[in-house]
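Novice: Just to be clear, the model below is a prediction. Sequence and coordinates:
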Amino acid sequence: MGIYFYNQGNGGRYLRCTDLSVTQKCSLKTEGKGTTRYDDGRTATQGTNSLLIELLLILLMDNEADAFYEGLPKVELHAHLNGSVSFQTIEKLIRRKPQLNIEHSMTAIGKGQRRTLDECFQVFKVIHQLVDSEEDIFMVATDVIKEFAADGVKYLELRSTPREETTTGLTKRRYIETVIKYSKLCTLTLIIKRFLVAIDRRNGSQVAMETVQLAEEFLLSSDGLVIGIDLSGDPTVGHGRDLLSALQKAKDSGLKLSLHLSEVCFIIHSHTNTTIKLT
Ligand SMILES: CNc1ncnc2c1ncn2[C@@H]1O[C@H](COP(=O)(O)O)[C@@H](O)[C@H]1O
């Protein structure tokens, strides 16, 4: 492990620690003493200040913990495709569609920011504007899978709501085909991929039934990639009861069910006697 700090020529002093996998750089107020070394052509001095060493060890431990957690094999069972788009991919999408005037702040909820449930669902609407063609969906699905793989995910269940867009010619069938296309193409990534076709409860029972029919077709034709149905969407809209027959149909045809239900408080005016055995 090397621990040293160096001058960058602009008067700034930087601390850097290196072991086999970690390089950490940070600016420091404290001055240190030591011998001069060369690092990438810059002058460097070895630190002897114990406070600095202590700080370096903390930084290293943080990095080692990150590396440890990154390396752990994981399963990801709740990834909405358009809820998993990284900053970098959003950047590419924004560049593709400058006419939309979409800014990063409109596509994500920053750390510590508070939003209402309604505002959260508005974010998805903005992302959907950016992801509205086969090319966009293919790029998003590819990036999301690669990023999960890089994060140590070994089993990934992606879910997404098929959409049709008349302006780009996108159909719901092509949407699903495009999401699973990369999963079929990529054999190198050591990650098991599965896909759930999502029902957005806002679209009502008729669309839910059509979505189940589409999912049934893919259950039979996608070589095991499409395995189930996800019920999602704004929980304040509509009533889960109206979707029960679609969910029952899905269950009867062998599709697995993953349901967002009862996420908000309602005053219950009426009950349903229908139950679906989930296991
Ligand atoms: C409490 N969290 C949540 N509850 C309910 N639905 C959610 C959700 N988080 C995401 N979605 C659903 O996922 C869609 C975006 O991804 P896809 O376009 O389908 O890939 C959202 O529009 C919403 O329907």
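Specialist: Nice, I can see it. Residues are numbered from 1 along each chain as shown.
Novice: helix, strand or coil for Asn63?
Specialist: The three-state assignment at Asn63 reads helix, by DSSP: H, G, I helix; E, B strand; the rest coil.
Novice: where in the chain is pLDDT low?
Specialist: Within the chain, the stretches with pLDDT under 70 are 1-61, 187-189, 266-274, 276-279.
Novice: So which bits of the stretch 151-279 of the chain are right by the ligand?
Specialist: Proximity of the stretch 151-279 of the chain to the ligand (C-beta under 6 Å from any ligand atom) is limited to residues 160-161, 198, 200, 232-233, 260, 263. Placement of C-beta: from N, CA and C, glycine included.
Novice: ok, now with 5 Å
Specialist: Residues of the stretch 151-279 of the chain lying close to the ligand by C-beta under 5 Å from any ligand atom are 160-161, 198, 200, 232-233, 260.
Novice: Looking at neighbours, which among the residues you listed is most surrounded?
Specialist: The most crowded member of those, judged by other C-beta atoms under 10 Å, is Ser160 (26 neighbours).
Novice: Identify the bridge partners of it.
Specialist: Val197 (DSSP bridges).
Novice: From what I see, it and Ala79 are in contact.
Specialist: No: if you go by C-beta atoms under 8 Å, Ser160 and Ala79 don't touch, sitting 9.1 Å apart.
Novice: ok, Glu70 touching Asp151?
Specialist: Yes: with contact defined as C-beta under 8 Å, Glu70 counts as touching Asp151 (6.3 Å).
Novice: Extract the CA atoms of stretch 156-174 and return them as CSV.
Specialist: Below are the C-alpha coordinates for stretch 156-174, written out as CSV (Å, rounded to 0.1, in the frame of the first residue of the first chain):
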residue,chain,number,x,y,z
LEU,A,156,-31.9,-9.9,-12.2
GLU,A,157,-35.7,-9.6,-12.5
LEU,A,158,-36.5,-6.6,-14.6
ARG,A,159,-40.0,-5.4,-14.9
SER,A,160,-41.4,-2.9,-17.3
THR,A,161,-44.8,-1.6,-18.7
PRO,A,162,-45.1,-2.1,-22.4
ARG,A,163,-46.0,1.1,-24.2
GLU,A,164,-47.0,2.0,-27.7
GLU,A,165,-45.9,5.3,-29.2
THR,A,166,-47.5,6.3,-32.5
THR,A,167,-44.9,8.9,-33.3
THR,A,168,-42.0,6.4,-33.3
GLY,A,169,-44.0,3.3,-34.4
LEU,A,170,-43.4,1.5,-31.1
THR,A,171,-45.9,-1.2,-30.3
LYS,A,172,-46.3,-3.1,-27.0
ARG,A,173,-45.1,-6.3,-28.6
ARG,A,174,-42.0,-4.6,-30.0
